[in-house]
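Q: the sequence and its predicted three-dimensional model are supplied below.
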Amino acid sequence: METLEIINKRLKDNYGETTDKPNFRIVWSEDEFENRLTNFTDEGFELIHSEVRRLPKYRQWIKNKYVLERLTEVPVFQENELPVSKLSYEPLWVFEDVKGDAVRPTWSAAKFVIETVHEQVRTAGVYIKYKDPDSGLTKEQQFEKRNLELQAIQDELFGNETTIGDALAYKQGVGFTKEN
């Protein structure tokens, strides 16, 4: 399995950068902070005047998980909340299973999410030109290819999960072997 550093390098190499920042990256939710306008101290007391403070970005909502982020311009209506920078990383995907448990990020999953976003934005007509690698395929072939990609990602992320395996992993099951 690729390390996070290798996946982030591949994201930068494949999807570029803006002002020396990668357009996409994967981060650990607990490590991310941002300078944000707030009315409260770190202890929760209300301030007389709002001030910009370094605050956790995700840990209030996303605990101990990897997050795929996209670099975007700060919208005009949020410029007061994020006054320090014109660019901000915003979450695209949280690497978690159906139970909300963290999973290790993979290149194929990140690529799939990014290309899905690009395709959706492209078809809406509000994005830079995007060359679809599947443009020569029929709709049926594209659908089949997408299903195979999804299955491969699901197998890579969750391939070893079974009801019995989960019960043993969460100490809700008992295993035994018969001795001869």
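A: Now that the structure is in, tell me what you want to look at. Numbers count the residues shown, from 1 in each chain.

Q: and the strands in the protein?
A: In the chain, the strands defined using DSSP state E lie at 17-18, 21-22, 24-28, 33-40, 46-56, 66-73, 87-95.

Q: can you tell me the strand partners of the last one and which way each runs?
A: Next to strand 87-95 in the sheet, as set by DSSP bridges, lie strand 66-73 (antiparallel).

Q: and the spatially most central residue of the chain, what does it touch?
A: Centrality entry for the chain: nearest residue to the mean C-alpha point is residue 68, 2.3 Å, by Cα atoms, centre = their mean. Shown in contact with residue 68 (Cβ atoms under 8 Å, 6 or more residues apart in numbering): 24, 25, 26, 91, 92, 93, 94, 95, 105, 110, 113, 114. Every C-beta, even on glycine, is put in place using the N, C-alpha and C of the backbone.

Q: hmm, try it at 7 Å
A: Listed by Cβ atoms under 7 Å, 6 or more residues apart in numbering, the contact set of residue 68 reads 24, 26, 92, 93, 110, 113.

Q: now, among the residues you listed, which is nearest to residue 46?
A: residue 92 (33.1 Å; Cβ to Cβ).

Q: ok, the closest one touching residue 117?
A: Yes. Counting by Cβ atoms under 7 Å, residue 92 touches residue 117, with 6.4 Å between them.
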